[in-house]
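In: Predicted model and sequence below, questions to follow.
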Amino acid sequence: MIRNFVRIGGKRIFPLPLISIVQTDGSFSRRGGAACAFLVRNQGGDQVLAKRLTLSDARTSTETEWASVYHGLSAAVELDQECIGLENDCLSVVAGLLGKAKMKQEYAQYYHYKIMKTAGYTGWTGIRWIPRGLNRADALFDGYR
């Protein structure tokens, strides 16, 4: 069962009836390097961007997940998406953004700050956990790993 989005920032308290969906994912391999990927779908459901970025300084898979949320949200803001629903399959990242998990790692604190600051520029931003099988951003790593 997929839950509703939980607000993490923005100028509005409640979302608009239609929101842009941003699915994000991270990938880390000691031999293959680190990367993040994200898909942005506009309010009508049309995919407007699909991108994979190489991360030169990431050291763990969780760090790549944090980076994916930040880069996906930033891309949606650059595309003038007003109301954004973030979806990610890393429970610790989602819990960290909802204030339900302690973030001991410096990278988590850094990305948390950047994500919350960026979300503040939007009309409304929320996040929810989704199962890995529903995260279409994962497909952007095909042939990469």
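Out: Arrived safely, thanks for sending.
In: C-alpha only now, for contacts and for neighbours.
Out: Will do.
In: where exactly do the helices run in this structure?
Out: 61-78, 91-97, 106-119 (DSSP state H).
In: Now do the last one: distance to the chain's middle.
Out: In this case it means helix 106-119. Here helix 106-119 is found 11 Å from its chain centre; the criterion is Cα atoms, centre = their mean, to the nearest Å.
In: That helix: which residues count as buried?
Out: By 16 or more other Cα atoms under 10 Å, the buried positions in helix 106-119 come out as 107-109, 111-112, 114-116, 118-119.
In: farthest residue from the center of the protein?
Out: Most distant from the centre of the chain: residue 31, at 24.3 Å, with distances by Cα atoms, centre = their mean.
In: so what pLDDT did that one get?
Out: Looking at residue 31, its pLDDT is 71.
In: Next: residue 10.
Out: At residue 10, pLDDT is 97.
In: measure it to residue 121 for me?
Out: 6 Å (Cα to Cα, to the nearest Å).
In: which one of the two has more residues nearby?
Out: Neighbour count, other Cα atoms under 10 Å: between residue 10 and residue 121, residue 10 has more, with 22 against 14.
In: Go ahead and confirm the more buried one touches residue 117.
Out: No. Using Cα atoms under 8 Å, residue 10 is not in contact with residue 117, being 9.2 Å away.
In: Now do residue 34 against residue 87, distance only.
Out: Noted for residue 34: a distance of 20 Å to residue 87, by Cα to Cα.
In: quick one, which of the two is more surrounded?
Out: Taking neighbours as other Cα under 10 Å, residue 34 and residue 87 compare with residue 87 leading, 26 against 23.
In: Identify the residues contacting the more buried one.
Out: 21-24, 127-130, 135 (Cα atoms under 8 Å, 6 or more residues apart in numbering).
In: and with 7 Å instead?
Out: 22-24, 127-130 (Cα atoms under 7 Å, 6 or more residues apart in numbering).
In: Apart from its neighbours in sequence, what residue is nearest it?
Out: residue 23 (4.7 Å; Cα to Cα, 6 or more residues apart in numbering).
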